[in-house]
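# need the 3D shape of this:
(chains A and B)
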There are 2 protein chains.
Amino acid sequence: MLSQHSHYGPFCHDKQTSAVNFQATAVSPPSTAVVYDQHGPPDTVTRVTEIPPVEINENDVCVRMLAAPINPADINRIEGVYPVRPPVPSIGGWEGVGEIHSVGSAVVSLSPGDCVIHSAHLPGTWQTYVVEDQSLWYKIDKNTPIEYAATVSVNPLSALRMLEDFVALKSGDTIVQNGATSIVGQCVIQLARVRGIHSINIIRDKPGSDEVKEKLIKLGADKVFTESELEVKSVKSLLGDIPEPLLGLNCIGGNAATMVVKFLKQGGTMVTYGGMSKKPITISTTYFIFKDISLKGYWLQEKNLNKAEYRCSIDYLLALARAGRLKYEMEMVPFKDFHTALERAMGKQGSRKKQVIKF
Amino acid sequence: MLSQHSHYGPFCHDKQTSAVNFQATAVSPPSTAVVYDQHGPPDTVTRVTEIPPVEINENDVCVRMLAAPINPADINRIEGVYPVRPPVPSIGGWEGVGEIHSVGSAVVSLSPGDCVIHSAHLPGTWQTYVVEDQSLWYKIDKNTPIEYAATVSVNPLSALRMLEDFVALKSGDTIVQNGATSIVGQCVIQLARVRGIHSINIIRDKPGSDEVKEKLIKLGADKVFTESELEVKSVKSLLGDIPEPLLGLNCIGGNAATMVVKFLKQGGTMVTYGGMSKKPITISTTYFIFKDISLKGYWLQEKNLNKAEYRCSIDYLLALARAGRLKYEMEMVPFKDFHTALERAMGKQGSRKKQVIKF
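Numbers count the residues shown, from 1 in each chain, chains lettered A, B, ... in the order given. Sure thing, here's the model as predicted:
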């Protein structure tokens, strides 16, 4: 979706804009943007193009983007396979960080030079200048490493909200998750550890799993198992003296989801936030009836955190990132190499770190 | 499990009993009971036998049983396949109604002649006299039809609690269920109707489904579909002007459970209380993530209703039964024909109505 103020030329040249320009209203610099005119394979439907200046209304903030990641959901949105299908043409990218270039006349709480992150509820971060209403920007501490500021509002925020919003966990409790090597998975391990919560982690069977285990243990994981290691009569016998988990997180589906449920304590909850295997979740009715297991789902877009919760969560996560207590690997790529980063993010060059565009 | 006071001879002849008998304490009449000494096929491991009188302690109530049903869970318990495996030897039957024969010296709230139902949390109703602590008996209105009094505390109570305890439903809302012809299913239809709640009902494809539909519509069902009628692109197109359901109830599993989930509104909940098809529940991850569907389970045994809730629920249900607004079919069978009733309940004579033993 191109919002009223987005940098996409032809769609902003409405009568109002022309009239306001006539009155010499403030406008943004021209912006270089990743635009797609139709849904399809992102590497073929996206193009980098310059779009003309847009008007800065009294409540608008114009931000010079500094960095923005390529998230899997961004790719799905361009493909048109995401449940929310943005109208085309559109500019890609839903999260990112920038520095305020200029503000509208009614904006008092934000000033040029402030470092801000973009609400992940609207698209348009893959461009050099973004103009949006002040309510869509959130000021952060300038000392935050840029790559964490650019990526905090989707993966780490999801990890935090999933640990906080479904089960009342306390220090000494346990969670179990699959897809533990994902960025969300790594954040879950670290955020759990900060709160004194044990984590049981399930990873895929593939070469190098010993190094992966070591890496996750270093991050704070209590236990890491490959799926094949869980083909035992009772997975709970593998827990040792760690309490049975109250909360499970699933981003895989199929057998890896069943494993999470098998670990859960009576009355436990599994939250599904992804389906990487493209396989459904298959659970015996007895888990529901006799073990009182609940299955729920998490989708950041639908969380509708209120502003206070959002601020509190972002501040907490970025403070941990600044302290080096929340980390994950990313690859910064100059904007001029956008299509290379996109190919990597699409998995066309094998498994790569998260791609973050640096403007 | 044979409780301390059950009518099972050898296990009550402990020192205490002998001592108390010596002091001419009140005892029950001898009881004729359905006893099993080991788990196995109920029609081979159960025998009807006379057991000697047992002591009536000061807080005990001795009840002459009037009627008790044979529930599927009773059969599973005798088979030893139920998650809670009662120690053997044991007397069968977990619910039923009787008339108080005598009370212990400390019992003031119950009197001989009162009509009482038995807590479904302990076994032992398949016998002519039962002695249990006064807390395990609940006095009901004598004008209640005996077969409803005998069967209210498992199936109708489950139907009521599932409608009340998971989703806050209001008049005009909708629920969807499979296994709609079961007694729980029939109760759900009627209890929903009493509250002005629409019900969408799924039944099996089998000969006579038109008559079944007619019968359920007569009970108050808004819509009844066979599973094959739901093999359409969007089941929601079948709802007409009925709102999408917020609550789904599943006692089947497999495809019939998937159908329930397909009907649910965004944010809806499916509660599983049975798995008659013995097939697991298979749900795509997208239902959890993008439709915010929750799956939960219900098990009466674990509900642990407090006394006030229990009384309120039972009174409400029996008032509806007395008013003819809650009904379902049962077959009363004299106790002397217990093994015939048991065979019917085990499905050895094809599909039969619920068997209720009349003492």
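# what is the burial count for A:Asn143?
Neighbours of A:Asn143 under the rule other C-beta atoms under 10 Å in any protein chain shown: 9. Using the backbone N, CA and C atoms, a C-beta is placed for each residue, glycine as well.
# nearest residue to it in space, please, no chain neighbours.
Excluding the flanking residues, the one nearest A:Asn143 by C-beta to C-beta, 6 or more residues apart in numbering or on different chains is A:Arg322, at 6.2 Å.
# what about the strands in the stretch 251-359 of chain A?
Ranges of strands in the stretch 251-359 of chain A, per DSSP state E, counting those that start in this stretch, are A:269-272, A:281-283, A:294-297, A:330-334, A:354-358.
# re the thing from before, so what pLDDT did the residue nearest to A:Asn143 get?
Predicted confidence (pLDDT) for A:Arg322: 97.
# mind listing what it touches?
A:Asp141, A:Asn143, A:Thr144, A:Pro145, A:Tyr148 (C-beta atoms under 8 Å, 6 or more residues apart in numbering or on different chains).
# same check, this time on A:Arg193
A:Ser199, A:Leu219, A:Gly220.
# one more pass at 10 Å, please.
Going by C-beta atoms under 10 Å, 6 or more residues apart in numbering or on different chains, A:Arg193 touches A:Ser199, A:Leu219, A:Gly220, A:Ala221, A:Asp222, A:Arg325.
# hang on, isn't the fifth one packed against A:Ser199?
Yes: the criterion here is C-beta atoms under 10 Å, and A:Asp222 meets it with A:Ser199 at 5.6 Å.
# looking at those two, which is more packed in?
Comparing A:Asp222 with A:Ser199 by other C-beta under 10 Å, the one with more neighbours is A:Ser199, at 27 against 19.
# what is the rounded mean pLDDT of the helix or strand harbouring that one?
A:Ser199 is part of strand A:198-203 when elements are defined by DSSP states H and E. For strand A:198-203, mean pLDDT is 98.
# repeat that for stretch A:175-193.
Stretch A:175-193 comes out with an average pLDDT of 97.
# distance between the ends of that stretch?
11 Å (C-alpha to C-alpha, to the nearest Å).
# run the chain-centre distance for it.
Taking C-alpha atoms, centre = their mean, to the nearest Å, one finds the center of stretch A:175-193 at 14 Å from the center of the full chain.
# now that stretch: buried residues?
Residues of stretch A:175-193 classed as buried: A:175-193 (neighbour count, 16 or more other C-beta atoms under 10 Å in any protein chain shown).
# same deal with stretch A:96-104?
Result for stretch A:96-104 [16+ other C-beta under 10 Å]: buried residues A:Gly96, A:Val97, A:Gly98, A:Ile100, A:His101, A:Ser102, A:Val103, A:Gly104.
# the last one reaches A:Trp137, doesn't it?
No: between A:Gly104 and A:Trp137 no contact is recorded; they are 11.7 Å apart, counting by C-beta under 10 Å.
# between those two, what contacts are shared?
Common neighbours of A:Gly104 and A:Trp137 (C-beta under 10 Å, 6+ apart) are A:Asp60, A:Val61, A:Leu110.
# re the thing from before, so which of the strands of the stretch 251-359 of chain A is the most packed in?
strand A:269-272 (a mean of 26; mean count of other C-beta atoms under 10 Å in any protein chain shown).
# how about that strand and chain B, touching?
Yes: Strand A:269-272 is in contact with chain B by C-beta under 10 Å from any C-beta of the partner chain, via A:Thr269, A:Met270, A:Val271, A:Thr272.
# how many residues are close by the closest residue to the last one other than its chain neighbours?
Right, the one you point to is A:Thr272. If the residues on either side of it in the chain are set aside, A:Thr272 comes closest to B:Phe288, at 3.8 Å by C-beta to C-beta, 6+ apart. When neighbours are counted by other C-beta under 10 Å, B:Phe288 registers 28.
# try A:Gly324
Under the neighbour criterion other C-beta under 10 Å, A:Gly324 is assigned a count of 8.
# residues in contact with it?
A:Pro145.
# look up phi and psi at the nearest residue to A:Leu300 once chain neighbours are set aside.
Computed as C-beta to C-beta, 6+ apart, the closest residue to A:Leu300 that is not its neighbour in sequence is A:Ser158, at 5.2 Å. Backbone torsions for A:Ser158, taken as degrees, to the nearest 10, come to phi -60, psi -40.
# mind listing what A:Ser158 touches?
Contact analysis of A:Ser158 by C-beta under 10 Å, 6+ apart lists A:120, A:183-184, A:187-188, A:249, A:251, A:273-274, A:298-300, A:303.
# and A:His101, what element?
strand A:97-103.
# where's that strand relative to the chain centroid, distance-wise?
On C-alpha atoms, centre = their mean, the centre of strand A:97-103 falls 21 Å from that of its chain.
# where do the helices sit along chain A?
A:9-12, A:15-22, A:42-45, A:72-79, A:146-151, A:155-165, A:183-194, A:209-219, A:254-263, A:285-289, A:300-303, A:307-322, A:338-345 (DSSP state H).
# need the contact list for the closest residue to A:Leu219 other than its chain neighbours.
Spatial nearest neighbour of A:Leu219, excluding adjacent residues (C-beta to C-beta, 6+ apart): A:Ile189 at 4.8 Å. A:Ile189 is in contact with A:159, A:175, A:177, A:180-181, A:197, A:199, A:201, A:216-222, A:224, counting by C-beta under 10 Å, 6+ apart.
# ok so, going back, which pair in the contacts of A:Arg193 spans the largest distance?
The largest separation in the contacts of A:Arg193, counting by C-beta to C-beta, is between A:Asp222 and A:Arg325 at 16.9 Å.
# how close does the residue nearest to A:Thr272 get to B:Leu191?
Counting by C-beta to C-beta, to the nearest Å, the gap from B:Phe288 to B:Leu191 is 28 Å.
# please apply the same query to A:Lys307.
In terms of C-beta to C-beta, A:Lys307 sits 42 Å off from B:Leu191.
# can you check A:Val48 too?
Distance, A:Val48 to B:Leu191, by C-beta to C-beta: 61 Å.
# how close does A:Asp315 get to chain B?
27 Å (C-beta to the nearest C-beta, to the nearest Å).
# now do the same contact list for that residue.
Applying C-beta under 10 Å, 6+ apart, the residues contacting A:Asp315 are A:Tyr138, A:Ile140, A:Asp141, A:Val152.
# of all the residues in the stretch 51-200 of chain A, which one is nearest chain B?
Proximity of the stretch 51-200 of chain A to chain B (C-beta to the nearest C-beta) peaks at A:Pro83, 4.3 Å away.
# tell me the phi and psi of that residue?
With angles defined as degrees, to the nearest 10, A:Pro83 sits at phi -60, psi -30.
# for it, which non-adjacent residue is spatially closest?
Per C-beta to C-beta, 6+ apart, closest to A:Pro83 is B:Phe290, 4.3 Å.
# the one you found - how many residues pack around it?
Taking other C-beta under 10 Å as the criterion, the count of residues near B:Phe290 is 17.
# then A:Lys278?
By other C-beta under 10 Å, the residues close to A:Lys278 number 10.
# please verify my assumption that it contacts A:Ala256.
No: look at A:Lys278 against A:Ala256 with C-beta under 10 Å: they stay out of range, at 11.9 Å.
# how far away is the residue nearest to A:Gly268 when sequence neighbours are not counted from A:Val260?
Once flanking residues are discounted, A:Gly268 sits nearest to A:Leu246: 5.1 Å by C-beta to C-beta, 6+ apart. Using C-beta to C-beta, one gets 12 Å for the distance from A:Leu246 to A:Val260.
# hmm, A:Glu227 and A:Ile252 touching each other?
Yes: the pair A:Ile252 / A:Glu227 is scored as a contact, 9.1 Å apart, by C-beta under 10 Å.
# now do the shared contacts for those two.
Common neighbours of A:Ile252 and A:Glu227 (C-beta under 10 Å, 6+ apart) are A:Asn178, A:Ile202, A:Arg204, A:Met259.
# pull the most distant pair out of these.
Between any two of the shared contacts of A:Ile252 and A:Glu227, the greatest separation by C-beta to C-beta is 11.6 Å, found for A:Arg204 and A:Met259.
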